[in-house]
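Asker: the following block contains a protein sequence and its predicted model.
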Amino acid sequence: MPFERPEIIRPPSEHDAYYLPLTSGCSNNTCGFCAFSFTHLAIRDLEDVKQEIDAMSLYMNHRVGVQGQPDIVYLILRRWDGRKVFLQDGDALVYPYVKLVEALQYLNGKFPNLERIASYATPQDILRRTVDELRALKDLKLGILYMGVESGDDEVLARIKKGATHEEMVEAAHKVKEAGILLSVTVILGLGGVKDSKRHAEKCARILAEMDPDYAGALTLTLIPGTPLYHEWEKGEFELITPFDSLQELRYIVEHASFSNCFFSSMHASNYFAIRGTLPADKNKMLRQLDTILASKDPALLRPEFLRGM
């Protein structure tokens, strides 16, 4: 089957990157809350990747297009500044290691002034690699990995079929940091439902402290029709927490997760209220913001449901 280029799903901080697909879908396509649970992993042929890099170079250097390249390539290139590349799709680090090295070498050869390459990565992807292998990718400008932690609670992780435990995710984080690659992680408020809300928040704070990432973000659960968790909710087996309960979880995480120096935010569109700052330096300011809105219980201060999305 020919490789089908995936839709662009990327972290907000990669808004100005070129999106270069190495894979489509996700290797861990069983997470109960995630749209990727509908997908199957596909690996793109290395020569096809190189042809796109050639087309990128030809356009950036001479404003010449190559017949056969999809329109999206040139839509992205017209506004690209040549600094960053984001490797698609859901976990491009799963790309076979030898081919991944060759692809990054080729990309750097064509764009020697490239500043940073980024990718999503599952904990399983990272644990498959040695620290030396990760360092080699760092030398090829792989500068940041984005990992979905979702929860620090092993019971929640098992229920959503994350495919990794609390301990394994901490181990993966330490590998990334030892290799000198920046680490950005996310947790999902409300993923424990009403029943496990308190424990979910506690374990999220704990795992974030143990991972000590460079960046951390909180998302808020948005049920996606057709996913396993959506079906659980339809059958009454999963109960969503309220918007203000999600902010209570967020407050607990900000107060109790200890970091060396982490930029923490809830700026994602799924959240009901946005905070941002560096922890621990801005902890008191962020807690005051949350305390104010939690005390008011004013729905008008929350992001409306129609503006929310994963």
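Answerer: All right, it came through fine.

Asker: residue boundaries of the strands in the protein?
Answerer: With DSSP state E, the ranges of strands along the chain come out as 18-21, 23-24, 42-43, 84-88, 116-120, 142-150, 182-189, 215-220, 262-265, 276-279.

Asker: among those, which is nearest residue 3?
Answerer: strand 42-43 (5.9 Å; CB to CB). Just so you know, the C-beta spots here come from the backbone N, C-alpha and C atoms, and that holds for glycine as well.

Asker: report the rounded mean pLDDT for that closest one.
Answerer: Averaged across strand 42-43, pLDDT comes to 90.

Asker: rewinding a little: just send the strands of the chain back as CSV, with distance to residue 102 and mean neighbour count too.
Answerer: Listed next are these as CSV, based on distance: least, CB to CB, whole Å; neighbours: other CB atoms under 10 Å:
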stretch, distance to residue 102, mean neighbour count
strand 18-21, 14, 22
strand 23-24, 15, 22
strand 42-43, 14, 16
strand 84-88, 13, 24
strand 116-120, 14, 24
strand 142-150, 14, 24
strand 182-189, 23, 23
strand 215-220, 29, 23
strand 262-265, 33, 20
strand 276-279, 38, 16
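
Asker: format the ones you listed as TSV; extra columns: distance to residue 53.
Answerer: Formatted as TSV, these follow (distance: least, CB to CB, whole Å):
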stretch	distance to residue 53
strand 18-21	7
strand 23-24	16
strand 42-43	17
strand 84-88	9
strand 116-120	12
strand 142-150	15
strand 182-189	23
strand 215-220	27
strand 262-265	31
strand 276-279	34
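
Asker: nearest to residue 289, out of the ones you listed?
Answerer: Nearest to residue 289, of these and by CB to CB, is strand 276-279 at 9.0 Å.

Asker: ok now the closest one, how far from the chain's centre?
Answerer: 18 Å (CA atoms, centre = their mean, to the nearest Å).

Asker: which residues touch residue 258?
Answerer: 209, 280 (CB atoms under 8 Å, 6 or more residues apart in numbering).

Asker: swap in residue 49?
Answerer: 20-22, 103, 106.

Asker: now with 6 Å?
Answerer: Residues in contact with residue 49 (CB atoms under 6 Å, 6 or more residues apart in numbering) are residue 103.

Asker: roughly how far apart are it and residue 171?
Answerer: Computed with CB to CB, to the nearest Å, the distance linking residue 49 and residue 171 is 30 Å.

Asker: nearest to residue 127, of the strands of the chain?
Answerer: Taking the strands of the chain one by one with CB to CB, strand 142-150 is closest: 11.1 Å.

Asker: report how many residues lie close to the nearest residue to residue 192 once chain neighbours are set aside.
Answerer: Distances taken as CB to CB, 6 or more residues apart in numbering put residue 200 closest to residue 192, at 2.9 Å, once the chain neighbours are dropped. Residues near residue 200, counting by other CB atoms under 10 Å, number 27.

Asker: again, but for residue 289
Answerer: Residue 289, neighbours per other CB under 10 Å, totals 19.
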